[in-house]
Structures are given as structure tokens and as C-alpha cells.
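**Student:** Sequence first, predicted model second:
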Number of protein chains: 2
Amino acid sequence: MLERRGRSARMQERRTKTNLAAPFVQRRIGLVSLIDEESVAIIERNADRILDEIGMDFRGDPETLEIFKAAGARVDRERVRFDPGWCREKIKTAPPVFTQHARNAARSVQIGGNAQLFCPSFGPPFVHDMEKGRRYATIHDFREITKLHYSLNAVHHSGGVVVEPVDLPVPVRHLHMAHSHLTLSDKPFMGAVTAPQRARDTIAMAKLAMGDDFVDQNCVLYSVVNTNAPLVMDETMLWALKEYAKAGQCTVVSPFVLGGAMSPVTVAATLAQVLAEVMACVSLIQLIRPGAPAVFGTFFSPLSLRTGAPTFGTPEGTQFQMCAKTLADRLGLPFHSVGALTASKVPDAQAGYESQSQLMGAVMAGVNFIIHATGCLEGLLTTGYEKIIMDADRCAALARFAQGIDFSETAQAMEAFAEIGPGGHFLGAAHTRENFESAFWMGDMSDNGTYEQWIAEGGAWQHDRASARVKQILGDYVAPDMDIAIRESLDDFVARRSFEITGEKA
Amino acid sequence: MLERRGRSARMQERRTKTNLAAPFVQRRIGLVSLIDEESVAIIERNADRILDEIGMDFRGDPETLEIFKAAGARVDRERVRFDPGWCREKIKTAPPVFTQHARNAARSVQIGGNAQLFCPSFGPPFVHDMEKGRRYATIHDFREITKLHYSLNAVHHSGGVVVEPVDLPVPVRHLHMAHSHLTLSDKPFMGAVTAPQRARDTIAMAKLAMGDDFVDQNCVLYSVVNTNAPLVMDETMLWALKEYAKAGQCTVVSPFVLGGAMSPVTVAATLAQVLAEVMACVSLIQLIRPGAPAVFGTFFSPLSLRTGAPTFGTPEGTQFQMCAKTLADRLGLPFHSVGALTASKVPDAQAGYESQSQLMGAVMAGVNFIIHATGCLEGLLTTGYEKIIMDADRCAALARFAQGIDFSETAQAMEAFAEIGPGGHFLGAAHTRENFESAFWMGDMSDNGTYEQWIAEGGAWQHDRASARVKQILGDYVAPDMDIAIRESLDDFVARRSFEITGEKA
């Protein structure tokens, strides 16, 4: 706290700046879909047939099987089959739009409807930066990356496992991750899904920060469970889903699919499979607690059948996403999918092309919650520090894009034409002087100057400019306010639970 | 010719490969527009008002003023004003779809309708490669770049001034450029627009290659004239426009606009201005020769009002393009606009992000003729050798994207689900074995392998891999067949005209 008092001017500036930032994007343009009504009907019919004739396995959790059986699904050992239309009926209680509350109310986000938001990458065990290269991530990296995302106005969410802090024992990682999200940021964040007790710990920590009653009555955690495609839910994911559903917290059901291995080798077939898996799992959420927020999620990477490797930024990735959004709309569920994915190991042009392709596709499709919007390298095995900054700049551009075009009388500027006339120039026009500050989007990370200027400034490639910017942002970072009593209760919780789990003092 | 006989096997392979390449993309997905009917009406009304109340200057060419006057436009010295609706009426004789013929009929391209095609960058005086850096371009570079584009199946057009061959005197450059396009490639190409005699020379050379009658009766040249925004056509561009229109060759009217300087500082106002300029100039083309092919072109770069520099890959760039396409459709004209533009000086991540943004926007918008689809660096001051290869890979991906999704029974793969069932994997499924070759798009320039593999292969960034690929393609290059008599007539024409122009033997 002492440290922060010495930085009051900077804090003030930060507060002023972040007050300006919108907590999410309010989309004002149409959706881009690639699937017509006839094809939607085919995919929906195929998904129904898959659930009816083949069914889905729910493994290692008798309670789930009991719930399904009691509600009228056909349970045969761990295989559950569903009559056509059964899931669609159960899903109707899920809210089409809801709010995930942040501990700072000004940062709360709308999930669904016309909202779009950008969220960090999830899950990489490695980090990369231009100075130190690629290495295993630590809790220090986790914290630095959380500070970066807190500082970037284009990023609306603090994420979940922004990197795996591999220097901490697995059973306590979730405590330190939630502690970092809650103390270093005031943006909304994600809950742990790796064990039911870890989900309960995350909920308990959210209650310390936001109050028991508030958390009981509102969605404050957004957690992603992956099916084990094709057509399997394993017990770990089932337990997490159940904990969050019971607590009324949001669960995203996101089949993780490497196309060609975990689904057939086409977009059309993968759509049917993913729709089937999502419908079955969201039905379960609604049976556990009708009205609990649930989201239709997708992660689809076509496998290279030449090399066996997953690929990113491909035409099929975007085609898939644009169709799946339509299927989610038909179910009345918010839609969650991937952003700036790349297979590149470094922040090079491949990373730029692939990331922009997938991210722009996600924005055009109208994905409500865009995960992996910043930092991805190496197909999510690595988070790049520079990549975070570079991606965030494109998120800002796409946020502007999604807000559509101003056709107001001011924007039409008819008086400027009369003032300037043929052959003149508009730099000095009254309309330009009055509107230039808000006129065109300008990025932070693009060098638009002349070649001579660029050479004079050192001829840095974008990843090198991003390197400098990372340091600047981290140097300027000031933690968001937090009541001292809350902070202490979080510290105490982490210490106590760590001791209970490991038998060692932290 | 001797050289080529020694490479017959490679020639055969090349022929087989290029036979597979489609001459242009047949788009099967919907158009993405960002402008509704009400806003279209506003922009069209404003364009009409600009032409009626302010007018456009046609400079240095009395014949143009006479043509306009005779047809009923209001001419006041060099200023021409048009009654609302007048231009729209005149434009009706322009064909909505036409063919630009290549000397190899299999390479002829459809302009307009559901066709999309990718064309090289136009105009850069510099080239860049990773070995030699940035330098003035020469005719040697022009030829190497033409060979590259001939070899890349994703690029459908040989372009025009792919780089400025600054080692040749200005008055003879057009001869050597047309000679290169005609002999090193058999894809369609662009005509010179820098002087009327140069336009006539290009037409004469096309006739040598394709026959007088054929050229008289068909469109074989595609040439771009830029207005001098705002609302001026200068005499050089007018002369070129008139030459090509008289010859029945295609003219693209493409206002070149740095937004904020050459147009007001908004998308809405720039749309009205560009529409006005295009309508006036296409009217002129139709008055000169009713039915002559004409295209609605745009080049819009928002000026950074912070630095005075043009910017690329911005939200407004794509917004503008998506609206302008709708305006072109309303006029019944094919639409030409920009592709992979970037301000970056080098093939770095900035180049990747910006280029993909603008290129993907162009494909989504449904731009028929995508110019600057490959090679752009430094806002078209430089063509990058590596950048050509990298962009072409993304053109290939977007071509696949534009062809839409297969929802056939084969693609639905319902039998694969029955075969594999929950928890299995599809790699060995009969459906996968039967379809994997055509299943997913796989790029040439993305590294999708593991980190360890990548390191073992040298840890090359994309621009370095592209460097190797440039050398490989140029090493494998085999010129397309050309009748010896035609080749000699082209050589003779260039020698004779060079002597006439410069008084020196080449």
C-alpha cells in the first residue's frame, strides 16, 4: 500500500484513462453467417440423430446419469441417448443474455446479445519474449501477464489460466491464480475447472472479494469445460460443470476438436457433432439448476493430415465459427469461441496473418466472448508477451469496426465540400478541425511513418517495438484499489488453504 | 528456346500443375455490407448534390468538355456539373460483367458478378528482400516479380507496374513492362496510363500477341485511372481513359483518397465524394463508347492526423470498402479495390496483421478485382519479394473461404459417427481415408509443426522461409509457351519504338 501512495498522480491518470474504456464492445453491425436455413436444418437434424442413435458418454459420475435418467433421457451404463428435440426443450431455461459481474462494477460484462468482448489466451505452459525466448511459465509470469491485460483497454476480461504457473504445485495453483486476478486486476475472470474443490475454492475467494449474498445471487465466475470429443464428458469436467451450475455461476461448454481426429474431416460433420455435445451438456446444466447461465463454446482446429499438426487461422476455422454462431443463436445461447490463434512459435508475420484471420472472423461472426484474443503462440502452448500487446492493438481496431459507421449529418460533412471544392484539400477545413480527434482509429503498434523516419528511430520490427511497450506498461502499472480488509482475507485464505492442501506454510 | 528444351520434364509438371489452377475465384458466399438502404439513399443523394452543386473539374482536355456539353452536362470553363440522376442514366450502358482475355484463354478472367481475383501490387519504386534490403527497383526486379506471380496459382493477374523499373528511361518503361507481362506470363495484365501514346503502344503490343481483330472486339487490357481527389481529373488520366475507352478496353475509375486530406475526415463523406467522382468519369467513358467496360474502383487510406502519414489495415479502410461495393452494385458496375496493404517497412507481424485485415475485408466485401493483393510494403512504396509469397498463401486461403462450405451428404459424414462412436478417433475412419486429401486447406507458408521440429529445422521466421521459397520458385520457373513469330514481333516492336522515342538503339 505504501508503494501505491507514492504514485498518486499516476493512479489518478490511470483512473481517468480507464474510466474512458468501455467494459465490452456493443456491436452495431450485422452478423456474418455462412449457413442458410436449409443447411441449418440438416445440421440440427444430424445432431439430433447423433444424440438419439449414437448418444454421448458421461464418465465416472453416477449422479449425472441419475439426473439424466430422472429427466427422461435413455441411460445405458455410461452412454446417454436423447430423443430428438429433448435437449432443445431443456435448454430453454438458459438465459440468452446475462451479466458477469466484476469486483469493479464498471468492468462488469454482458455475455450474449449484441455484446462482444476480448479475453486473454487460456492454458499455455510456456511464455515467450524477445529477450529471454521461450521458457516454462511461472507465477511471476502469470502476474505480469495479468497486469498487462489489466492495463490494456482493448481487453475486457482478465481470463483464467493465462499461463500455467509451473513453479507452483498443481494442487495450489488455482489459489494463486484467483488471487492474482482478484488483486492485480478488477476485470472479470474465470474459475478453475480441474477439480471440484478447486471450483469451490474459487467461488469462496470470489465471495471474499464481492460478498456471499452477491455471489449467491449473481454470476461472477465464467468457467470453460471442454468435452472430450467425440461425444464424451469425463469426470473432471463433469464435476466442475456441476459445482458451477449448482452455484449459479456460468459454464461454457466448449467441445475441443482437432478436426479429422476428434471429428470427421469436414466442417459440416464437425458442426453436427459439436452441436450434439453442447446440447447434451447444457441440458445437464439446466437440469441441475434451471436458469443457470450457460454458453455455447467452440474450439475447432483442422488437423494437418500431412503432418498431424493442428492448424490455425485457416478458412475452415472461420467458416466453422460463423456457422456455429448461427446454431447458438437458434438455441438462444450466448456464443464463445476463439480469437487470435496461430501456430507460429514467434511473433512473426505468420503470427500476424493467422491471428488477424481468426480474430477478424470471430468479430465478423459476432462471437460474444472471444477467448484467446491476445498472446497466443504455438497453438496455445506459449503465451508471448509481445504478442499480447500486438494482438490487443488489433482487438481495438476490430472493436471500432464492430461499432459500425456513423452516417449522421455531421459525418456526411456536406458543408466541407462546399468549403473546399474541387482540387482543394481538407486538412484545414472547419469540419476536419472539429472532428479529427475522433475521426479515424489509430493504433499504437503500427509504424505508419516514412522509411527515413523509421530508420532514424532504429528500424525496429513490430515485435521489438512491442517489447519496449511491454516494459513501459509494466513500469506504469498501478494496481486497482482494493479494501485492505478484503485483501487481507484473500491473503489469509490462500495461506490457510495452501497449508491444508500441502501441509506446508507458503 | 534452347534452355527450355532442356527442362521438358519440369515444363510438363508445370503445365499439369497450372492446369489445375482456377483462373479466378467463383465466390459462393454472401456479401458482407455495412450499409443499410436508408444510408445508401443518403450517400447517393449527397453524391448527386456534390455533382449538381459543386461539380467536378476536367482539366486540360477541351474534347472532354465538348463531349459532356453535347450530352447535356453543365460546363463552366473546366468545371462540369451534372443534374441529379444524369450520370446514373449514362452509366447504364456499361456491362455489369465482362471477360478480360489473357493470351492463354485458360487464364482469361471474369470481371464482375460472383468472380473475385487477386492481382499484384501496383506502382512501388522500391523493392525489398531479406538479403539485399530495400533498394530502387530495376527491370530485372520487374521480370523476377512477374515470374513469381506467373508461378503462384493463387494470383490470377500479372498486374501492371508491379514495380517501377527506374533503371529504364521513363518514356520507354511501358514497352518493357508490357513485353515482360506478355512473354514471361500468360495471365492477363494492365495497360499503361501515363500518356496516350503509351496506351496506344500497349494496345499495339496486345494486338501482336493476340491478333488485331481479337483485340478490337474484346477486352484484353485492364487499366486503372485515378482521379485527383477531390473532384478533379487531370489531363494525363483523361487521355488514358479516352484511349482505352475508344479501343473498347476496360478502364477502372479509382479515386485515390487519403482520407482527411483528399476527402473529409469520415467514411460517410468519403463515400459520397468517391461515388460522385466515379459516376462522372464512368459517364464519360460511356459517352465516348457506349458499352465499353468500366469498373468502379476505390483506394482509400485514412490519414493519421497525428503524424500526417497514410495508414493501412484500419477499421475504416474495410468499412469504406464494404459500403463502396454496395454502391457499385447499385450502379451495376464491377468493383475493384485494394488487398493486402500495410505501412510496415518489412515483412514483420505488422505487415501480417494489416495485410490480412485489408485482404480479408476485401474478400468478405466481395471485391471483384483485388489489386495490391500481393507484395505491398511501406504503403506501396516498396514491393517485398518475400511478402509476395506470404500474401499469396493468404490469397489461397481466402479463395477457399469464398467458395463456401460443402453441406453435401458426403460432407455430413453421418456414417463416420456410426463407425467411430463416442471416445474413438476419426483418423482411421473410412470417411477420413476417402476425403482427407481435399478436406482442409493447408498453406505452404505456415509452420504448424512442433517447437522441437521447428528448432531442429533452423527456427526460421516466416520471412526467412519465404526467402528460400522465392529462390526455389524462380529456380523452377519455366516461361509459358509463345509462338516464335509472335515473340520476335514483340521484340522488334520494343526495339523499334525505343529507337523512335529515344533515338538510341536498345
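**Tutor:** On my side now, so go ahead.
**Student:** Mind telling me what element the residue in chain A positioned nearest to chain B is part of?
**Tutor:** Taking C-beta to the nearest C-beta as the measure, the point where chain A comes nearest chain B is residue A:352, at 2.3 Å. For glycine as for every other residue, the C-beta is placed from the backbone atoms N, C-alpha and C. Residue A:352 is located in helix A:349-365, with elements delineated by DSSP states H and E.
**Student:** Just the CA atoms of that helix, as PDB, please.
**Tutor:** Taking Å, rounded to 0.1, in the frame of the first residue of the first chain, the C-alpha atoms of helix A:349-365 are listed here in PDB:
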ATOM      1  CA  ALA A 349       4.300 -12.400 -40.000                       C
ATOM      2  CA  GLN A 350       2.800 -15.800 -39.800                       C
ATOM      3  CA  ALA A 351       1.500 -14.900 -36.300                       C
ATOM      4  CA  GLY A 352       0.100 -11.700 -37.700                       C
ATOM      5  CA  TYR A 353      -1.600 -13.200 -40.700                       C
ATOM      6  CA  GLU A 354      -3.100 -16.200 -38.800                       C
ATOM      7  CA  SER A 355      -4.100 -14.200 -35.700                       C
ATOM      8  CA  GLN A 356      -5.800 -11.500 -37.700                       C
ATOM      9  CA  SER A 357      -7.600 -14.000 -39.800                       C
ATOM     10  CA  GLN A 358      -9.100 -15.900 -36.900                       C
ATOM     11  CA  LEU A 359      -9.800 -12.800 -34.800                       C
ATOM     12  CA  MET A 360     -11.400 -10.800 -37.600                       C
ATOM     13  CA  GLY A 361     -13.500 -13.800 -38.400                       C
ATOM     14  CA  ALA A 362     -14.600 -14.100 -34.800                       C
ATOM     15  CA  VAL A 363     -15.600 -10.400 -34.700                       C
ATOM     16  CA  MET A 364     -17.500 -10.600 -38.100                       C
ATOM     17  CA  ALA A 365     -19.300 -13.800 -36.900                       C
END
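**Student:** what residues does the helix or strand following it touch?
**Tutor:** Stepping forward along the backbone from helix A:349-365, the first helix or strand reached (DSSP H and E) is strand A:369-374. Counting contacts by C-beta atoms under 8 Å, 6 or more residues apart in numbering or on different chains, the residues outside strand A:369-374 that touch it are A:111, A:116-122, A:149, A:152, A:155, A:157, A:159, A:222, A:224, A:252, A:295, A:297, A:334-341, A:359, A:362-363, A:380, A:387-388, A:391-392, A:395.
**Student:** partner residues bridging residue A:377?
**Tutor:** Bridge pairing for residue A:377 (DSSP bridges) gives the partners residue A:382.
**Student:** Please state the offset of the helix holding residue A:352 from the chain centre?
**Tutor:** In terms of C-alpha atoms, centre = their mean, to the nearest Å, the centre of helix A:349-365 is set 15 Å apart from its chain centre.
**Student:** For burial, what's the neighbour tally of residue A:423?
**Tutor:** Here the count is done by other C-beta atoms under 10 Å in any protein chain shown, and residue A:423 has 15 residues near it.
**Student:** which residues touch it?
**Tutor:** Counting by C-beta under 8 Å, 6+ apart, residue A:423 makes contact with B:57, B:228, B:230, B:231, B:232.
**Student:** Quick check, pLDDT for the spatially most central residue of chain A.
**Tutor:** With distances taken as C-alpha atoms, centre = their mean, the residue of chain A nearest its centroid is residue A:371 (2.4 Å). At residue A:371, the pLDDT value in this model is 98.
**Student:** And it, how far from residue B:294?
**Tutor:** 46 Å (C-beta to C-beta, to the nearest Å).
**Student:** any idea of the mean pLDDT in stretch A:496-506?
**Tutor:** Stretch A:496-506 comes out at a mean pLDDT of 89.
**Student:** Mark which of the contacts of strand A:369-374 are part of strands, please.
**Tutor:** With strands identified by DSSP state E, the entries of the contacts of strand A:369-374 that belong to them are A:111, A:116-120, A:222, A:224, A:252, A:295, A:297, A:335-338.
**Student:** so which pair among those residues is furthest apart in space?
**Tutor:** A:120 and A:335 (18.5 Å; C-beta to C-beta).
**Student:** rewinding a little: lowest-confidence entry in the contacts of residue A:423?
**Tutor:** residue B:228 (92).
**Student:** doesn't that residue fall inside a helix?
**Tutor:** No: assessed by DSSP: H, G, I helix; E, B strand; the rest coil, residue B:228 does not belong to a helix; its assignment is coil.
**Student:** Was I right to think residue A:272 contacts residue A:47?
**Tutor:** Yes: Residue A:272 is within contact range of residue A:47, at 4.8 Å (criterion: C-beta atoms under 8 Å).
**Student:** neighbour count winner among the two?
**Tutor:** A direct count of neighbours by other C-beta under 10 Å for residue A:272 and residue A:47 places residue A:272 higher, at 27 against 24.
**Student:** Strand A:221-225 and the helix or strand that contains that one, what's the angle between them?
**Tutor:** Assigning secondary structure by DSSP H and E places residue A:272 in helix A:267-288. With axes from the mean of the first three to the mean of the last three C-alpha atoms, to 10 degrees defining the directions, helix A:267-288 sits at 130 degrees from strand A:221-225.
**Student:** quick one, helices of the stretch 351-500 of chain A?
**Tutor:** Remark: helices assigned in the stretch 351-500 of chain A by DSSP state H, counting those that start in this stretch are A:385-402, A:409-412, A:414-420, A:430-439, A:451-456, A:462-476, A:484-502.
**Student:** Could you list the buried residues of the longest one?
**Tutor:** Within helix A:484-502, the residues that count as buried by 16 or more other C-beta atoms under 10 Å in any protein chain shown are A:486, A:487, A:490, A:493, A:494, A:497, A:498, A:501.
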